[in-house]
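A.B. asks: model the structure of this input:
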Amino acid sequence: TAMHLSTSTVKAHISRILTRTDCTNRVQAAVLAHDAGLLAS
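C.D. replies: Numbers count the residues shown, from 1 in each chain. Okay, the predicted model is just below:
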């Protein structure tokens, strides 16, 4: 399923995720999500 979001919306969501999870970059957030079992294999 495709989602149609603007670049600025995606950046805002990523920024909020990084702030709430105390991650400094997207890689850290991805590792956190993987370790929590949130990513499909």
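
A.B. asks: is the residue most central in space within the chain in a helix, a strand, or coil?
C.D. replies: Closest residue to the average C-alpha location of the chain: Ile14 at 5.0 Å, with Cα atoms, centre = their mean. Three-state call for Ile14 (DSSP: H, G, I helix; E, B strand; the rest coil): helix.

A.B. asks: any idea how far Arg26 is from it?
C.D. replies: Separation of Ile14 from Arg26 (Cβ to Cβ, to the nearest Å): 6 Å. Heads up, the C-betas are built off the backbone N, CA and C, glycines and all.

A.B. asks: likewise for Leu18?
C.D. replies: 7 Å.

A.B. asks: again, but for Ala40
C.D. replies: 17 Å.

A.B. asks: compare these two and say which is more crowded by neighbours.
C.D. replies: Arg26 (11 against 4; other Cβ atoms under 10 Å).

A.B. asks: got a list of what that one touches?
C.D. replies: Ile14, Leu18 (Cβ atoms under 8 Å, 6 or more residues apart in numbering).

A.B. asks: how about 7 Å then?
C.D. replies: Neighbour list for Arg26: Ile14 [criterion: Cβ atoms under 7 Å, 6 or more residues apart in numbering].

A.B. asks: what's the separation between it and Lys11?
C.D. replies: Applying Cβ to Cβ to Arg26 and Lys11 gives a distance of 11 Å.

A.B. asks: do the same with Cys23
C.D. replies: 15 Å.

A.B. asks: pick out whichever of these two has more residues nearby.
C.D. replies: Cys23 (17 against 11).

A.B. asks: residue contacts, that one?
C.D. replies: Ala29, Leu32 are the contacts of Cys23 under Cβ under 7 Å, 6+ apart.

A.B. asks: what residues are up against His34?
C.D. replies: Contacts of His34 by Cβ under 7 Å, 6+ apart: none found.

A.B. asks: how close does it sit to Leu5?
C.D. replies: With Cβ to Cβ as the criterion, His34 and Leu5 are 23 Å apart.
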